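> Please work out how this folds:
(2 chains)
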Amino acid sequence: MERNTKIALLAVIIIAIVAIAGLVFSGFGQEQTLKIATTTSLEDTGLLPVLEAAFEKQNPNIDVQFIAAGTGQALEYGKKGDVDLVMVHSKTQEEQFIKDGYGTQRYVFAYNYFYIVGPASDPAQINGTNATEAFSRISAAGAANPDQVKFVSRGDNSGTNTREIQLWNKSGTNYNTTVQGQSWYIESGKGMGDTLNMANEKSAYTLSDSGTYLAYKGNITLVPYVTQGKDLLNIYSMIPVNPEKFSNVNYNASMKWVDFVLSTEGQTIVGNYGKEKYGQQLFIPLAGQPEPTK
Amino acid sequence: MNEIINAFFEAIHLLVTLDPEVMEITLRTLYISITSTVIAALIAVPVGGYIHFRKFRGKRTVINIIQTLYSMPTVLVGLLVFLLISNQGPLGDLHLLFTPGGMIMGQTILVLPIITGFTILALSGVKDEIRDLSLSLGASEFQAIQTIMHEAKYALLGALILGFGRAISEVGVAMMIGGNIRGYTRVITTTMSLETSKGNVELSIALGIILLAIALIINLVLNYVQEK
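Numbering: from 1, shown residues only, chains lettered A, B, ... in the order given. Here you go, the predicted structure:
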């Protein structure tokens, strides 16, 4: 039966692929894993693989795995004990996370600023203003002329999204009644890189962390208008998930990661990252210093 | 337009030089999709056979439900499996979330109704006379089923390919359950989505070509097997 031979051959090939690939991907040695939920901004800049490579050189038995999500979602993973550590940037949410017993402690390791970026024509005329003034101008111009002035929001409960909503409310604009749901206000529901691309396609304003903006600058034409000030301060921290709450989390590996990122070597990597690739420092190291206030 | 053409050549370059990352992602994608299809087939073919050969009340309804599940959204399966295998879920102790094992589980669930449904369809395609004939020639019920299965084997193979196609091309389960971890759960579809968002169109196109090539190879193999 030649047909049967062919089918048998096919079956053998399939089983061989599965067996070989299975062997490769199950990992031969018994490695520990360290699962880290991170913000998309850290992922999109490309900093994490560099830190990972240096860390794994020192700790060859720990396999670091990053799951990129917004800060809100990353904290949700932490609240279920699905990851060992979170790397996020939204202080109030972080403090609540620790207060509720899900995380042990905040370890701040870097900061930079949020940028308010927009099209080169600057239709809402925010150039030279501060963050709250820029936001109130955008909402006023958007309401008056929704075809010309648009704002793209991440709308994903991320650290950037949380800050953005705070800024709307702080600028004297009621987020719930005069921002959300308006025709000039677009919620992308995606990570920072995607949102920048969307704002670029739509010639819209958006709020971005400076790291992702600088990493994407080459591909987009948006211009940063407001880049400094207390309201735009963006502090990144690491929080190990509480091992007393979830017995399965790898607290030991978490602390090794924290120690590494805060070490001189880790902080040098953080501080130098981007200089070569983007011609500019993306993160300012923060280990052992008080949190900046302006 | 130029960008697309350049990206296409860059993609060909990545392919002919056997870029290690592209190869690794492809192999992992094949592993996860083939494993889920095989597991699903081991469950679905007997179940489909049972439904086809037995007469019971509500059979039509069962078949309708199975056919409805063909179009089960991948993100819904992703959500259900996430709730099941998350650390706080009923299967949390297995620690399958963000692992290839979890992705295999999700894709298996996704593919099950398709293979079951098409198994039933394949078996219905075999003429009733064959069953009657084998029974009249003195075959036992079991032998008759064997004969029918044998007659339907190419249609059954088609069901497997269809299931595999659904598994390899989906992105919902892969993203929600796998978490798109580089070097661990990153597969072709999630890489394409990520790289496109980063503006790395070349890599996305290369992976898209691979995805198409896999489909083509599978079809060629299927044709080869079906040749007399």
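> List the contacts of the lowest-mean-pLDDT helix or strand in chain A.
None of the helices or strands of chain A scores lower by mean pLDDT, DSSP states H and E than helix A:2-26, at a mean of 71. With contact meaning Cβ atoms under 8 Å, 6 or more residues apart in numbering or on different chains, helix A:2-26 is reached by B:27-28, B:30-31, B:34-35, B:38, B:100, B:153, B:157, B:221, B:224-225, B:228. For every residue, glycine as well, the C-beta is placed using N, CA and C.
> for it, which positions count as buried?
Residues of helix A:2-26 classed as buried under the neighbour-count rule (16 or more other Cβ atoms under 10 Å in any protein chain shown) are A:7, A:14, A:18, A:21, A:25.
> Show me which of the contacts of helix A:2-26 is closest to A:S158.
Ranked by distance to A:S158 (Cβ to Cβ), the contacts of helix A:2-26 are led by B:P100 at 26.9 Å.
> Quickly check: the longest helix anywhere in chain B near chain A or not.
Longest helix in chain B by number of residues (criterion: DSSP state H): helix B:20-53. Yes - residues of helix B:20-53 contacting chain A under Cβ under 8 Å from any Cβ of the partner chain: B:27-28, B:30-31, B:34-35, B:38.
> circling back to that earlier point, closest one of the contacts of helix A:2-26 to A:G155?
Out of those, the member with the shortest distance to A:G155 (by Cβ to Cβ) is B:P100, at 30.8 Å.
> Please check the residues of helix B:20-53 next to chain A and keep the buried ones.
B:28, B:30-31, B:34-35, B:38.
> how would you label A:L42: helix, strand or coil?
Counting by DSSP: H, G, I helix; E, B strand; the rest coil, the backbone at A:L42 sits in helix.
> Which residues are in contact with it?
Contact analysis of A:L42 by Cβ under 8 Å, 6+ apart lists A:48, A:68, A:87, A:211, A:236.
> ranges for the helices of the stretch 101-250 of chain A?
Here the stretch 101-250 of chain A has its helices, by DSSP state H, counting those that start in this stretch, at A:131-144, A:159-170, A:192-201, A:210-216.
> Around chain B, pick out the residues from the stretch 101-250 of chain A.
Checking the stretch 101-250 of chain A against chain B by Cβ under 8 Å from any Cβ, the hits are A:190-191, A:193-194, A:197, A:216, A:219, A:246, A:248.
> List buried residues within those residues.
A:190-191, A:193-194, A:197, A:216, A:246.
> May I see these arranged in CSV, with pLDDT as well?
Formatted as CSV, these follow (pLDDT from 0 to 100):
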residue, pLDDT
A:K190, 89
A:G191, 90
A:G193, 90
A:D194, 90
A:N197, 92
A:Y216, 91
A:F246, 94
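> Out of those residues, the closest to B:Y184 would be?
For these, the residue nearest B:Y184 by Cβ to Cβ is A:G191; the value is 19.3 Å.
> picking up where we left off before, a markdown table please, covering the residues of helix B:20-53 next to chain A and showing pLDDT.
Shown next, in a markdown table, are the residues of helix B:20-53 next to chain A (pLDDT from 0 to 100):
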| residue | pLDDT |
| --- | --- |
| B:L27 | 93 |
| B:R28 | 95 |
| B:L30 | 94 |
| B:Y31 | 94 |
| B:I34 | 94 |
| B:T35 | 95 |
| B:V38 | 94 |
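> Closest one to chain A out of those residues, please.
For these, the residue nearest chain A by Cβ to the nearest Cβ is B:Y31; the value is 3.4 Å.
> my guess is the closest one contacts B:P100, does it?
Yes - assessed by Cβ atoms under 8 Å, B:Y31 is found in contact with B:P100 at 7.3 Å.
> about what we covered before: can you list the buried residues in the longest helix of chain B?
For helix B:20-53, using 16+ other Cβ under 10 Å, the buried residues are B:22, B:25-26, B:28-41, B:44-45, B:47-49, B:51-52.
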